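Student: Sharing a model that was predicted from the sequence below.
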Amino acid sequence: MPTALVSVYDKTGVAECARELHTLGWSLLSSGGTASVIAEAGVPVTDVAEITGFPAILGHRVVTLHPKVHGGILANRSDPSHQADLERFGIDPIDLVIVNLYPFSSDPGVELIDIGGPAMVRAAAKNHTDVAVVVNPDDYQPIIDEIREHGVIRAATRRRLARDAFAHTAAYDASIVRWFDETDDEASTEELPRTLHLALERVETLRYGENPHQIGARYRDLTSSSGAAGWWQSVTQHGGKAMSYLNVYDTEAAWRLAHQFEQPTAVVVKHANPCGVASAETIEVAYSKAHQCDPVSAFGGIVAVNRPVTRSMAESLAPVFTEVVVAPGYEDGALEVLTAKANLRVLSASEPQERQLDVRSVDGGLLVQTADTVLADRRDWSVVTEVAPTNEQWADIEFAWRVCAAVSSNAIVYAKDQQAFGIGAGQQNRLDSSRIAAERSAGRADGGVCASDAFFPFTDGLDAAVAAGIRAVVQPGGSVRDDEVIAVANKAGIAMVFTGRRHFRH
């Protein structure tokens, strides 16, 4: 008679699984709460304590850590010496281990560090030639079906289950390491961890990668608590084609920027760079103004708004070829308008969470940094010119600074009345970015403000802004030519603010 050892924290479906195994002629071992659930379902079950001779001790820290458990799991059935040991010590083989672990990531703490569970999982996975291990309740029915059809759990299935088991314990250990790092009182909040342990689960296979010949997928972090699973886990897609790699990448950029603002704000992103941003009294006005910034680049772009989409906004957006629209919700009639467009991906989602680390790949490893935090508070900034910004200019300066921090370097943003009119992005020199911003503005930013993500190394970028009618500038400062740049601003009679912090984005 084959034997299954069942010890689970998540008891979803475990009684039903135990009943099916019993019907198929399996004997069941269990302990504690799991044994009670199985017994209450009317299924015969033997408590682990009956075979070990020891009750649970040390406040349940030691239950299954015993040779009669681990010997039964680890014994190689084809090794005569192993078989001799089993007979000598009266150990019965265990053929199936069903274990899932305490939910450490959602409720971390020393007492939630499971010891016996991972030990059994790893032992069964190591010995998958003879033993099957199940860590996911979703696998209960498939293994029942396989036993019913074939009489056994087949080798290929055991290998797949073993792989999943080691992934499960790896993620579990990674979440514990992360907890130690996050609760280390001696570590600075700015310090990067000594080691970085990634445990990621593929949750979405994308249409393709950055290009159609590449394969792409989205993964989620298994070491985060359930409250920090990331906004993508909340996404509902109401219509349109499946997402591609760049759809996800660009939507991430748009959604994060839209939530940099408290007012109703619309963002249009193309190739991860904003090509239109505006704040207004209503979301439909904000979208209209954001689209006006650069209608050419908006073609095939991503639209993100921080308020529910109204039917009026939906009717304005519908004629524009758009890849994705993402919003916190949709008012009556808006979804009907947008989902009528077969290829438009229509998403609703929760607010993005603050990122802790940015990670990029390099040859043989990763490049890691703390996430860039945008501070837009005039109290921390310095007016360095003879002329100070007006109240209206201050509002535009803060708006333009937030937009500029989301633009690839070198970045220049021209804005007026909470509306971006010219965005120069990703140029190898700041003068070209200034010229592009001026060209895109086409005079509409006259009397407005300019934001630069890093200092002006020469006066030429500022000269271009002055020529475009800019009346106030915000930049980090810190150049050896700051005095020359300030002198040009004073001569032009414009205000200039230094933030003391740059926002390069590569």
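Tutor: On my side now, so go ahead.

Student: Backbone dihedrals for D417, both of them.
Tutor: phi 50, psi 50 (degrees, to the nearest 10).

Student: my guess is it contacts A400, does it?
Tutor: No: D417 is beyond contact range of A400, at 11.1 Å (criterion: Cβ atoms under 8 Å). C-betas here are computed from N, CA, C, even on glycine.

Student: Of these two, which one has the most company?
Tutor: A400 (31 against 16; other Cβ atoms under 10 Å).

Student: show me what contacts that one?
Tutor: Counting by Cβ atoms under 8 Å, 6 or more residues apart in numbering, A400 makes contact with 413-415, 420, 449-451, 474.

Student: That one belongs to a helix?
Tutor: Yes: according to DSSP: H, G, I helix; E, B strand; the rest coil, A400 belongs to a helix.

Student: And whichever helix or strand Q83 is part of, what does it pack against?
Tutor: In this structure, Q83 sits in helix 80-89 according to DSSP states H and E. In terms of contacts (3 or more Cβ pairs under 8 Å, 6 or more residues apart in numbering; DSSP states H and E), helix 80-89 is packed against helix 67-74.

Student: who's in contact with the helix it packs on?
Tutor: With Cβ under 8 Å, 6+ apart as the test, helix 67-74 has contacts from 3, 5, 48, 51-52, 64, 85-86, 89-94, 97, 119-120, 123-124, 126-127, 131.

Student: Extract the residue ranges of this protein that are flagged as low pLDDT.
Tutor: 185-190, 225-228 (pLDDT under 70).

Student: The residue sitting furthest away from the middle of the chain and E439: what is the separation?
Tutor: What lies farthest from the middle of the chain is R88; by Cα atoms, centre = their mean that is 52.6 Å. R88 sits 86 Å away from E439, taking Cβ to Cβ, to the nearest Å as the criterion.

Student: S452 now?
Tutor: 16 Å.

Student: and if you look at E146?
Tutor: When E146 is compared with E439 (using Cβ to Cβ), they lie 65 Å apart.

Student: Neighbour count for these two, which is higher?
Tutor: Neighbour count, other Cβ under 10 Å: between E146 and E439, E146 has more, with 16 against 12.

Student: so what's the backbone phi/psi at the more buried one?
Tutor: Dihedral angles (degrees, to the nearest 10) for E146: phi -70, psi -40.

Student: which residues does it contact?
Tutor: 152-154, 157 are the contacts of E146 under Cβ under 8 Å, 6+ apart.

Student: R122 now?
Tutor: 165-166, 169.

Student: Next, it: phi, psi?
Tutor: Dihedral angles (degrees, to the nearest 10) for R122: phi -70, psi -40.

Student: Disregarding flanking residues, what is the spatial nearest neighbour of V407?
Tutor: A425 (4.7 Å; Cβ to Cβ, 6 or more residues apart in numbering).

Student: Could you do L28 as well?
Tutor: V45 (4.5 Å).

Student: Make sure that neighbour is actually in contact with S36.
Tutor: No: V45 lies out of contact with S36 (Cβ under 8 Å); the separation is 9.1 Å.

Student: okay, these two: which has more neighbours?
Tutor: The residue with more neighbours, out of V45 and S36, is V45; 21 against 14, by other Cβ under 10 Å.

Student: Could you report the distance from the more buried one to H22?
Tutor: Distance from V45 to H22, by Cβ to Cβ: 9 Å.

Student: picking up where we left off before, how much space between the residue farthest from the centre of the chain and V131?
Tutor: Distance from R88 to V131, counting by Cβ to Cβ: 20 Å.

Student: For the stretch 251-400 of the chain, just list every one of the helices.
Tutor: 283-293, 295-298, 311-317, 334-339, 391-404 (DSSP state H, counting those that start in this stretch).

Student: where exactly do the strands run in the stretch 51-200 of the chain?
Tutor: All strands of the stretch 51-200 of the chain, identified by DSSP state E, counting those that start in this stretch, fall at 96-100, 132-134, 200-205.

Student: my bad, should have said the stretch 351-500 of the chain
Tutor: Going by DSSP E, counting those that start in this stretch, the stretch 351-500 of the chain shows strands at 357-362, 365-370, 382-383, 412-416, 419-424, 449-452, 472-475, 495-498.

Student: which of those sits most buried?
Tutor: Compared across those, strand 449-452 shows the largest average neighbour count, a mean of 32 (mean count of other Cβ atoms under 10 Å).

Student: Starting from it, tell me which strands it pairs with and how they run.
Tutor: strand 412-416 (antiparallel), strand 472-475 (parallel) (DSSP bridges).

Student: Turn those strands into a markdown table, including distance to V69.
Tutor: Output for the strands paired with strand 449-452, formatted as a markdown table (distance: least, Cβ to Cβ, whole Å):
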| stretch | distance to V69 |
| --- | --- |
| strand 412-416 | 64 |
| strand 472-475 | 66 |
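
Student: For S279, which of those strands is the nearest?
Tutor: Closest of those to S279 is strand 412-416, at 10.0 Å (criterion: Cβ to Cβ).

Student: For the closest residue to A278 other than its chain neighbours, which residues are in contact?
Tutor: Closest residue to A278 apart from its sequence neighbours, by Cβ to Cβ, 6+ apart: K289 at 3.5 Å. Residues near K289 by Cβ under 8 Å, 6+ apart: 266, 276, 278, 280, 419.

Student: Report the two of these separated the most.
Tutor: G276 and A280 (12.5 Å).

Student: Which one of the two is surrounded by more residues?
Tutor: More neighbours surround G276 than the other of G276 and A280, with 26 against 19 (other Cβ under 10 Å).

Student: so what's that one bridging to?
Tutor: Going by DSSP bridges, G276 is paired in beta bridges with V268.

Student: got the contact list for it?
Tutor: Taking Cβ under 8 Å, 6+ apart as the test, what G276 contacts is 266-268, 289-294, 297-298, 301, 420.
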